[in-house]
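Student: Build me a model from this:
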Amino acid sequence: MAALRRWKSYLSVLRSSCRVVLTEVKPAAQTVRTRSALFTGVASLAVGTTLCAVPFKQVENLSHDSLIRRAASLVTDSSITFLSQTTLALIEAFMLYSKAVHTLIALQQRYLDSVGKLSPADEDAIWQVIITQRAEINERREHCARLDTTWASAVKLCEAAAEAAFSSGAEHACVTMRTHLDLAHSQVEEAQKLSREADRLLTQTKVLEVERMASALGTEEEEVPEAYLRED
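Tutor: Numbers count the residues shown, from 1 in each chain. Here you go, the predicted model:
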């Protein structure tokens with residue numbers, strides 16, 4: 001009986017050992033199959049990549065000529081920015097000047113319509129407003145002159161940049177520069193036309209109002225109040 005019990009114990013240990021061995025072998029087999037599938041996929045990907053190769057764009061040769069063309073294009077870009085900023089500033093200055101001139105014309109006409117109807121205090125107040133408006137016009141005229149000088153410098157710079165771009169072979173940059181120059185000239189000319197028209201109206205208004213004042217006061221033109229004729 002003792003021998004039989006020892007034999008049963010030996011069979012039990014042997015079965016347990018077999019289960020452990022089988023358990024350890026199965027994942028190993030799965031790992032082998034997984035690695036095989038992985039290698040197969042990598043091989044397939046390598047083959048597919050070889051068959052579907054994407055051609056790279058050939059980089060332009062960085063010769064001296066190409067570098068000069070690129071530099072010329074950069075110069076035209078910065079010059080266009082300078083021209084655009086000065087053009088906008090000059091146009092705005094002309095518009096504000098024209099507006100100030102029309103305001104002065106309206107003030108002078110209002111004063112003439114009230115000649116003989118105002119008290120000395122009211123007349124002095126109106127003249128203070130007119131003198132202040134004249135001073136503003138002088139300031140805006142000087143501002144327009146300064147910006148016009150800067151704008152002329154920008155135009156010369158752009159013309160030189162366009163010439164350099166053309167001589168270096170950057171034709172597109174040259175054409176773009178010429179287009180911006182033409183546009184800037186046309187816009188500034190329109191603004192200048194408005195300011196000249198405002199000056200013409202102001203001069204015409206002064207002449208007509210001096211005649212009206214002389215007729216209303218029954219005096220000669222040289223006897224018109226000095227404050228009205230003064231441009232301060």
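Student: okay, and the helix or strand of the chain with the least pLDDT?
Tutor: helix 2-51 (a mean of 43; mean pLDDT, DSSP states H and E).
Student: and the next element down the chain from that one?
Tutor: The helix or strand immediately downstream of helix 2-51 is helix 64-113, counting by DSSP states H and E.
Student: OK, contacts around Asp77?
Tutor: Contact partners of Asp77, counting by Cβ atoms under 8 Å, 6 or more residues apart in numbering, are Ala173. Glycine gets a C-beta too; all of them are placed from N, C-alpha and C.
Student: wait, Arg110
Tutor: Contacts for Arg110 (Cβ under 8 Å, 6+ apart) come out as Ile126.
Student: any idea how far it lies from Ile131?
Tutor: 15 Å (Cβ to Cβ, to the nearest Å).
Student: now swap in Asp199 and tell me
Tutor: 19 Å.
Student: Then Leu83?
Tutor: In terms of Cβ to Cβ, Leu83 sits 37 Å off from Ile131.
Student: Those two: who's more crowded?
Tutor: Ranked by neighbour count (other Cβ atoms under 10 Å), Leu83 and Ile131 place Leu83 first, with 22 against 14.
Student: show me what contacts the more buried one?
Tutor: 151, 154-155, 157-158, 180-181, 184.
Student: In those residues, find the pair that's most separated.
Tutor: Trp151 and His180 (12.9 Å; Cβ to Cβ).
Student: Look at these two and report which has more neighbours.
Tutor: Trp151 (23 against 19).
Student: which helices and strands sit right next to the host helix or strand of the more buried one?
Tutor: Using DSSP H and E, Trp151 falls within helix 120-168. The elements that helix 120-168 packs onto, with contact taken as 3 or more Cβ pairs under 8 Å, 6 or more residues apart in numbering; DSSP states H and E, are helix 64-113, helix 171-217, helix 226-229.
Student: could I get those helices as CSV with mean pLDDT?
Tutor: Shown next, in CSV, are these (pLDDT from 0 to 100):
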stretch, mean pLDDT
helix 64-113, 93
helix 171-217, 89
helix 226-229, 50
